[in-house]
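# Sequence plus predicted model, see below.
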Amino acid sequence: MADIAKAVEELSGRFCGTLIGPGHERYDAARRVHNGLIDRRPALVAQCAGSADIALAIALAREHGLEIAVRGGGHNVGGRATVDDGLMIDLSAMRYVYVDPKARTARVAGGTLWGQLNRETQAHGLATTGGVVSSTGVAGLTLGGGLGWLMPKHAMALDNLASAEIVLADGRIVRASTDEHADLFWAIRGGGGNFGVASSLEFRLHAVGPVVHGGLIAWPAERARDVLRHFRALAADADDDLMLVGALVTAPDGATKVAAIAAGHFGPAAQAERAMQRVKAFGPPVMDAIGPIPYADLNAMLDASYPRGARNHWKSHFFDGLDDAAIDALVDCFMRCPSPMGQVLAEHFHGAATRVAPDATAYALRASGFNVLVLSQWQSPADDDAGTAWARDSYAKLQPYVSRSRYLNYLDQDDVGDSALAAAYGANLPRLRSIKAKYDPANVFHLNVNVPTG
C-alpha cells in the first residue's frame, strides 16, 4: 500500500479530478453504490474529470496490480461498480449534456444520469429511449441494453447510440461508431463494460412530448390474476406507441398489496386517450394516476420506489408468453413477499426493439415477450436472509415458464459464468470473445458480466 500511496502522490499533480483513499473525509460517501446490500472498500476512488484522467487511473491500477471497477450511476444491482482493495474509476463528476436540436443528437459524459439527459433533451421536445428511474446512469444502462418507455417506438437505448468515446485498457482513447472501430461499436452495444470505459456517448433523438399520456393504475391484490390477464390481452395487440408493464406491488401505505399496470403512450393525444381507456376498462381501481404527464415526469415516476441505500437482490428471466399457469406462479410468489418494498414486474417487449436482428449488435434479446423481474428490496440488514431467500425461491418456482434468454442489466450477484453469458448473448458470444481478445486481451475489465477471452 505504501507503493500505491507514493504513486498516488506522484499522480496527483497530473490528475484533474479527485483521488480519494480510505483516510479521506469523503471516502465513505464516494465508495457507496445504489444497492445498500453492497459494502465494499476500494483502495482508491479516482473521481475522474475527463478521458485523460481515466487513462491515468487505468495505468495506475495496471502498474500496481489493482482490480478496476467502473462507477457511472452506481445502480448495477450486482455491485459491479465497486471493488474491495482495488480501484474504483468514478465518473460521477463527468456530467454534461450537449443537445444539437437541428441534428437531433445529444452528446453526454460518461457519468450523466437519465434525469439530466431527459431534462436537457426535453427542453427541445426531444428524447431517446432511456431508463425508468431517473437516477440511473446513462452509460451503464445503454451498454447493457437500455429498456425504457420508448423502446416499442424507438428500440433500445443502445439502438439509438451513434458513437461512443472509449478509454481502452492500454490507455488509448478511441471513438467507436459504424465507421470507426466498427467491431468495438458492435461489441459495446450490449457487451457492457467488457471493453473499456465509456467517457462519452452520442445519441440520436426523436420528437417526444413534452406532454405524453401515461402513469400507473392499480386494483386490489385479490384480483391480481385477472389484472395480469387483462395486461396480457392489452399487450397482445399493443402498437408501437404503447409501452406496458404489469406490476405486483405494495401501495404507498406500506401494507396493501395491489396489482397494477404502468403504461405510456407516445402517439397522438386522441389515440393515447383511447389506449388508456382500454387499460382502465378492467374495472374500478383503488388508484388511478394515468393521464397527461410530462415525459420527464413519467421517467421519474418510479424514483421513490427505488431509494438509494435500500438493500436489493434481483432475479430476472425472459418469458416468451404469460399463460395462466405462469400468471398463477407470479401471483403466488408475490403474495409470499416478506417486504413491502418487494415487487414482481413483467415488462412487455414488442415493437421496434424486437425488429432489430439479434446479431446486429452484441445485445441479443430481440424477441417479443415479457421480461419478468423478481425485485426483492428491503431496508434493514436484519432482513438480508429473508429478502435474498424470497428472490431466489421465487426465481426457482418460475423456472418452468422461462425462455432461454435473460436481460443483461438485471443479472445480479448470483449470475456469473457460462450459463449467464449464454442466456445474455446467445449466438453472439463467440464474436464477443474475439473482440474482447483484440481490445482487452489481459481481461483488465472483468468486474462485470465478464466475457473472458478463452
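Structure's in. What do you need?
# Validate this expectation: Ile166 resides in a strand.
Yes - counting by DSSP: H, G, I helix; E, B strand; the rest coil, Ile166 is part of a strand.
# Surely it touches Phe195?
Yes - applying Cβ atoms under 8 Å as the test, Ile166 and Phe195 come out as touching, 6.6 Å apart. Just so you know, the C-beta spots here come from the backbone N, C-alpha and C atoms, and that holds for glycine as well.
# give me phi/psi at Leu216?
phi -130, psi 140 (degrees, to the nearest 10).
# Contact partners for it?
Contacts for Leu216 (Cβ atoms under 8 Å, 6 or more residues apart in numbering) come out as 247, 260-263, 287, 289-290, 301.
# roughly how far apart are the nearest residue to Tyr439 once chain neighbours are set aside and Arg406?
Excluding its sequence neighbours, the residue lying closest to Tyr439 (Cβ to Cβ, 6 or more residues apart in numbering) is Phe195, at 4.9 Å. In this view, Phe195 and Arg406 are 20 Å apart by Cβ to Cβ, to the nearest Å.
# Nearest to Gly351 among the contacts of Leu216?
Ala263 (13.9 Å; Cβ to Cβ).
# Could you pull up phi and psi at the closest one?
Dihedral angles for Ala263 - degrees, to the nearest 10 - are phi -140, psi 150.
# same deal with the one 3 residues further on?
Phe266 adopts backbone torsions of phi -130, psi 30, taken as degrees, to the nearest 10.
# Any of the contacts of Leu216 buried? List them.
The neighbour-count criterion (16 or more other Cβ atoms under 10 Å) marks 247, 260-263, 290, 301 among the contacts of Leu216 as buried.
# Out of those, list just those in strands.
Applying DSSP state E to the buried ones among the contacts of Leu216, the entries found in strands are 247, 260-263.
# Now render those residues as JSON lines, adding distance to Arg204 and pLDDT.
Compiled in JSON lines, these are given as follows (distance: Cβ to Cβ, whole Å; pLDDT from 0 to 100):
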{"residue": "Ala247", "distance to Arg204": "30", "pLDDT": "98"}
{"residue": "Ala260", "distance to Arg204": "32", "pLDDT": "98"}
{"residue": "Ile261", "distance to Arg204": "29", "pLDDT": "98"}
{"residue": "Ala262", "distance to Arg204": "25", "pLDDT": "97"}
{"residue": "Ala263", "distance to Arg204": "25", "pLDDT": "97"}
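# Tell me which two in these are the farthest apart.
Ala247 and Ala263 (10.7 Å).
# Show me the helices in this structure, by range?
Counting by DSSP state H, the chain has helices at residues 2-11, 27-31, 51-63, 114-122, 138-143, 151-154, 182-191, 224-236, 269-280, 295-300, 324-335, 384-397, 418-425, 429-439.
# Which one of these has the poorest average confidence?
Mean pLDDT is lowest for helix 2-11 among those, at a mean of 73.
# contact partners of it?
19, 21, 43-44, 56, 60, 63-64, 66.
# One more pass at 10 Å, please.
The contact list for helix 2-11, computed with Cβ atoms under 10 Å, 6 or more residues apart in numbering, reads 15, 19-21, 23, 43-44, 46, 53, 56-57, 59-61, 63-66, 87.
# what's the closest of the helices of the chain to Asp412?
helix 384-397 (8.3 Å).
# Can you list the helices and strands that the closest one packs against?
strand 311-319, helix 324-335, strand 369-378 (3 or more Cβ pairs under 10 Å, 6 or more residues apart in numbering; DSSP states H and E).
# which one of these is the most hemmed in?
strand 369-378 (a mean of 25; mean count of other Cβ atoms under 10 Å).
# and the angle from that strand to strand 311-319?
Angle of strand 369-378 versus strand 311-319, following axes from the mean of the first three to the mean of the last three Cα atoms, to 10 degrees, is 170 degrees.
# and the angle for strand 369-378 with helix 224-236?
If you take the same axes, to 10 degrees, strand 369-378 sits at 140 degrees to helix 224-236.
# Just the CA trace of strand 369-378, in CSV.
Output of strand 369-378 as CSV, limited to C-alpha atoms (Å, rounded to 0.1, in the frame of the first residue of the first chain):
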residue,chain,number,x,y,z
GLY,A,369,-42.5,-11.4,-24.8
PHE,A,370,-42.1,-10.4,-21.1
ASN,A,371,-39.1,-9.6,-19.1
VAL,A,372,-40.0,-10.9,-15.6
LEU,A,373,-38.2,-9.4,-12.6
VAL,A,374,-38.5,-10.6,-9.0
LEU,A,375,-37.3,-7.4,-7.3
SER,A,376,-36.5,-8.1,-3.7
GLN,A,377,-35.9,-4.8,-1.8
TRP,A,378,-35.8,-4.0,1.9
